[in-house]
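# structure for the following, please:
(2 chains)
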Amino acid sequence: MLDSTPDGLNSGEPPLLRSIGLTKRYGDFLANDSIDIDIRPSEIHALLGENGAGKSTLVKAIYGLIQPSAGEIRWQGQPVVLSGPSEARSLGIGMVFQHFSLFDNLTVAENVALGLDGKESFKDMSSRLEQVSKLYGLPLDPRREVWQLSVGERQRIEIVRALMQDPKFLILDEPTAVLTPQEADQLFIVLERLKAEGRAILYISHKLEEVKRLCDTATILRGGRKVETCNPRHETAASLARMMVGGEIKEVKAASGRTTTVPRLVVNDLSLAPAEAHGVRLEHISFELKGGEILGIAGVAGNGQDELFAALSGERLSKDPGTVVIEGIAAGHLSITQRRKLGAAFVPEERLGHGTAPRMKLSENALLTGHAASGMVHHGFIDTAATLKTVDRATETFDVRKAKRDPEAASLSGGNLQKFIVGREILRNPAVLVVSQPTWGVDAGAAAVIRQALLDLATAGAAVLVTSQDLDELAEIADRIAVMFHGKLSAPLATREASREKLGLLMGGSSLEPKEAAHAVGA
Amino acid sequence: MELIEAIILAVLAASTPLLIAATGELVTERSGVLNLGVEGMMIVGAACGFAGAWLTGSVFVGALFGIVAGTMMSLIFALMALGLAVNQVATGLALTILGVGLSGLIGAGFVGERITPAVHLHIPGLTDIPLIGRVLFGEDGFVYVSIALVIGVWWFLYRTRAGLILRACGDNHVSAHALGYPVLRIRTFAVMFGGACAGLAGAYLPLAYTPFFIPGMTAGRGWIALALVVFSSWRPGRLVIGAYLFGAVTILQLHAQGWGIGIPSQFMSALPYLATVIVLVLLSRARSGGSTAPAALGTVFVPDR
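Predicted structure coming up:
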């Protein structure tokens, strides 16, 4: 691994884009520390790294969104200063954003027009849009408004928009994070085709198997520095992960012989109208979750997972109490606090603003969810010592790293804050834990700690419901996996039977057993 | 016959300042900025407009004074809410309070003075047609300007690329920034346009509606203009309908009192707001997805560089 020029990389072709000593400083923080990267034509180049490794910063600098503090970017051998994305686009650099840069209330054609320089008439642009989308097998209706489209279709807009500028170099930021496995396969076909046309692609991802399959070169970043450039096909997923993390990742172990007990969370034919403009209607959701069991809910984001979480946690009430049964008690009409008193605990997806109040201290945040059941309030007065003790216990048990004993929630890194939130709930020994995207945007080390904690909690007899878009995560910890699509929940599959292919079909809306899918009840 | 004509003329006159101010605010809000200071910008426009006309003897110069004054007021808002990213609601309310005070100060010396009001168009033959003649061909310049303004804004928003970019900023400023559009600069121009329109609408009152200036003469018209933008669901076509409807209600209220109809005038004054609330409810029920309001309306944007 000491050889920094692995075989197959030094082909005679000069690099299309080269960064030399690229550095970006925010105050004292070095987001990018002197990064060199070479991108050649007809190359799919992976940019690997954990959250906070500096991938986004590097890409933003290459796309002209931020100005580097030092270093230079060379395009086809010439030094360039990119003062904005339009300049990058005029050179032939295109970008597909992770959080799509789309406008929900504008039409597809208007969205595409905004990404172009506006030299052609709207009509010409629209007809060219249809041509390009047909040519690459990315069908789109230019007249529809974006809010009506699925996540996969939205990504298509981004890709078509980039392709319409005929880019020599295309940057894709975690393009498969929101796709079903089948949709991802289709994307790979498009990318292979672009590569065959001589275009270069910078592919940002943390899905290692995908990178091994697709990419010719991989540059790995860690803590703002470049660690290595290698050929991913010559590496194993484990060796790539080691380079990303800078050490071994603790393996998550399920205790053998977990026994399931009584049903602790039962959902009976739960239907709920959407609460907001872009919301999803929940339709006839039923499942049963026993103590000692972990049920995973997979699905592409925006298919009703948030609505289901709100219905389970009591953020939204249902008219029929019997739709949500916690510990044998009908709870559909009960408030969040009342449900917590029954022994349920909830960890929402959004850490700041939903899971915690960002500008409040950890102890205050502990009080906010724990006051109902954990004796932190006496006669209306806060027991400060008890709240601090909760913070200390969560810190110790879950290895939360922070600057002082009781900092503001917003000052913690994503991984540490998530460990604190999950820890805060688990320490109350809940009978039922509902957790949404437990390791989203969390570094690999913290993710392992959190997954282990969920497994241990189930081993101790709790019922755990995990919503996640990461199929690998669900395969690792869940006993059964159900899929959410358009507000409906499929029948749960035993994890060993839930192949990626089967789950992918369900995530795309096909049903395996048409009769069961609508009215699924846990096995 | 003559009464109907008189009523229509009065409705047009009452509606014009609403239409002008609301058109400006519509553009501002379409860019994603909520400027609640319309009333303040209008009243400063009224004071400065009257001052300009009184000093020069020209209604046209007065109108220009109003436009400049409204624009200056809106620049204060832009500096605070866009430059310093202060809360837009608080800044807008403060702007109104500032404007009311400032206009009293500027206008203090002009109270009781009179000017020659804006002349009405007169085309021999056409203007003399009964009923519609004076309505169509006998208005003052402001009325024609207001119609041209709203058509121009519609054309700009839906038929030009600049308009598309402005709407994009109002829908999602993060995306607009990521695509390389100068969100804050675009919003500043939108705020200034809103200020210019509010200033012109304010100047209309002492230059054409009444030929004199009294403190507080906008009398809540800025707030009605704000309600009107919501009523129109941010669409110029509906804005015209709304403006004349709201104008009609104000005139109706006066006549209702005159005719001794037993509806309290306070209820009539509240009608525009009530109508806005009802329209909002109907709109949110009618459309299943998508938002009618600009999605980024009123949110602070700080670009990361």
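# where does chain A come near chain B, residue by residue?
Proximity of chain A to chain B is confined to A:64-67, A:84-86, A:89, A:97, A:99-106, A:110, A:113-115, A:118, A:122, A:145, A:147-148, A:277-278 under the rule CB under 8 Å from any CB of the partner chain. Every residue, glycine included, has its C-beta placed from N, CA and C.
# where does the stretch 201-305 of chain B have low pLDDT?
Along the stretch 201-305 of chain B, segments meeting pLDDT under 70 span B:283-291, B:304-305.
# you'd agree B:Ala270 is in a helix?
Yes - with DSSP: H, G, I helix; E, B strand; the rest coil as the criterion, B:Ala270 is part of a helix.
# what ranges of chain A fall below the confidence cut-off?
In chain A, residues with pLDDT under 70: A:1-13, A:249-257, A:276-278, A:371-374, A:512-523.
# now the residue most central in space within it: phi and psi?
Nearest to the mean C-alpha position of chain A, counting by CA atoms, centre = their mean, stands A:Trp440 at 4.9 Å. When read as degrees, to the nearest 10, the backbone of A:Trp440 gives phi -70, psi 120.
# how close does it sit to chain B?
A:Trp440 sits 19 Å away from chain B, going by CB to the nearest CB, to the nearest Å.
# for that residue, give me its contacts.
With contacts defined as CB atoms under 8 Å, 6 or more residues apart in numbering or on different chains, A:Trp440 is in contact with A:349, A:468-470.
# which of these has the largest number of neighbours?
The residue in those with the most neighbours, by other CB atoms under 10 Å in any protein chain shown, is A:Ser468 (23 neighbours).
# what sits against it?
A:Ser468 is in contact with A:296-298, A:437-440, A:474, counting by CB under 8 Å, 6+ apart.
# which residues of the stretch 301-450 of chain A fall in helices?
Along the stretch 301-450 of chain A, counting by DSSP state H, counting those that start in this stretch, helices occupy A:305-313, A:336-341, A:362-370, A:384-398, A:414-426, A:444-459.
# output the ones you listed in TSV, with mean neighbour count appended to each entry.
TSV is the format used below for these (neighbours: other CB atoms under 10 Å in any protein chain shown):
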stretch	mean neighbour count
helix A:305-313	23
helix A:336-341	17
helix A:362-370	22
helix A:384-398	17
helix A:414-426	24
helix A:444-459	21
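# helices along the stretch 1-150 of chain B, start to end?
Under DSSP H, counting those that start in this stretch, the stretch 1-150 of chain B gives helices at B:2-30, B:38-56, B:59-77, B:88-107, B:132-137, B:141-159.
# just the element for A:Ala31, please.
Using DSSP states H and E, A:Ala31 sits in strand A:29-39.
# quick one: that strand to chain centroid distance?
Put simply, strand A:29-39 sits 24 Å off its chain's centre (CA atoms, centre = their mean, to the nearest Å).
# paired strands for that strand, with orientation please.
The pairing partners recorded for strand A:29-39 under DSSP bridges are strand A:17-26 (antiparallel).
# can you show me the CA trace of the strand it pairs with as PDB?
Only the C-alpha atoms of strand A:17-26 are listed here, as PDB (Å, rounded to 0.1, in the frame of the first residue of the first chain):
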ATOM      1  CA  LEU A  17      -8.700  17.800 -14.400                       C
ATOM      2  CA  ARG A  18      -5.900  18.000 -11.900                       C
ATOM      3  CA  SER A  19      -5.900  19.500  -8.400                       C
ATOM      4  CA  ILE A  20      -2.600  20.400  -6.900                       C
ATOM      5  CA  GLY A  21      -2.300  21.100  -3.200                       C
ATOM      6  CA  LEU A  22      -5.900  22.100  -3.000                       C
ATOM      7  CA  THR A  23      -6.700  23.500   0.500                       C
ATOM      8  CA  LYS A  24      -9.800  24.900   2.000                       C
ATOM      9  CA  ARG A  25      -9.800  26.400   5.400                       C
ATOM     10  CA  TYR A  26     -12.800  27.500   7.500                       C
END
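# which of the residues in it are buried?
By neighbour count on 16 or more other CB atoms under 10 Å in any protein chain shown, the buried set for strand A:17-26 is A:17-19, A:22-24.
# ok, now stretch A:153-170?
Neighbour-count burial for stretch A:153-170, with 16+ other CB under 10 Å as criterion, is recorded at A:153-165, A:167-170.
# where in the stretch 1-150 of chain B is pLDDT low?
Ranges of the stretch 1-150 of chain B meeting pLDDT under 70: B:1.
# can we see that at 90?
Counting by pLDDT under 90, the stretch 1-150 of chain B contains low-confidence ranges at B:1-10, B:109, B:111-141.
# count of residues packed around B:Pro211?
Around B:Pro211 there are 16 residues (other CB under 10 Å).
# that one is in contact with B:Glu113, isn't it?
No - with contact defined as CB atoms under 8 Å, B:Pro211 does not count as touching B:Glu113 (9.4 Å).
# how close does the residue of chain A most remote from its centre sit to chain B?
Here chain A reaches farthest from its C-alpha mean at A:His379, the gap being 42.2 Å by CA atoms, centre = their mean. Noted for A:His379: a distance of 37 Å to chain B, by CB to the nearest CB.
# same check, this time on A:Gly445
For A:Gly445, the distance to chain B equals 27 Å [CB to the nearest CB].
# shouldn't that residue be in contact with A:Val245?
Yes - at 6.6 Å, A:Gly445 counts as touching A:Val245 under the criterion of CB under 8 Å.
# thinking again about what came up before, A:Gln182 is nearest to which of the helices of the stretch 1-150 of chain B?
helix B:141-159 (38.2 Å; CB to CB).
# close to chain A, is that closest one?
No - contact of helix B:141-159 with chain A (CB under 8 Å from any CB) is absent, the minimum separation being 8.9 Å.
# so what touches that helix?
Looking at what lies outside helix B:141-159 - CB under 8 Å, 6+ apart - the contacts are B:12-13, B:16, B:19-20, B:23, B:26-27, B:30, B:63, B:118-119, B:121, B:162-163, B:166-167, B:197, B:200, B:204, B:207-208, B:236-237, B:239-240.
# close to chain A as well: tell me which of these qualify.
The residues of the contacts of helix B:141-159 that also fall near chain A, by CB under 8 Å from any CB, are B:Arg167.
# select only the buried ones of the contacts of helix B:141-159 in PyMOL?
With 16+ other CB under 10 Å as the criterion, this PyMOL line picks the buried residues out of those:
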select buried, chain B and resi 12+13+16+19+20+23+26+27+30+63+118+163+166+167+197+200+204+207+208+236+239+240
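# who's in contact with A:Leu317?
A:332-335.
# report the buried residues of the strand holding A:Ala31.
When burial is assessed from 16+ other CB under 10 Å, strand A:29-39 yields the following buried residues: A:30-33, A:35, A:37-39.
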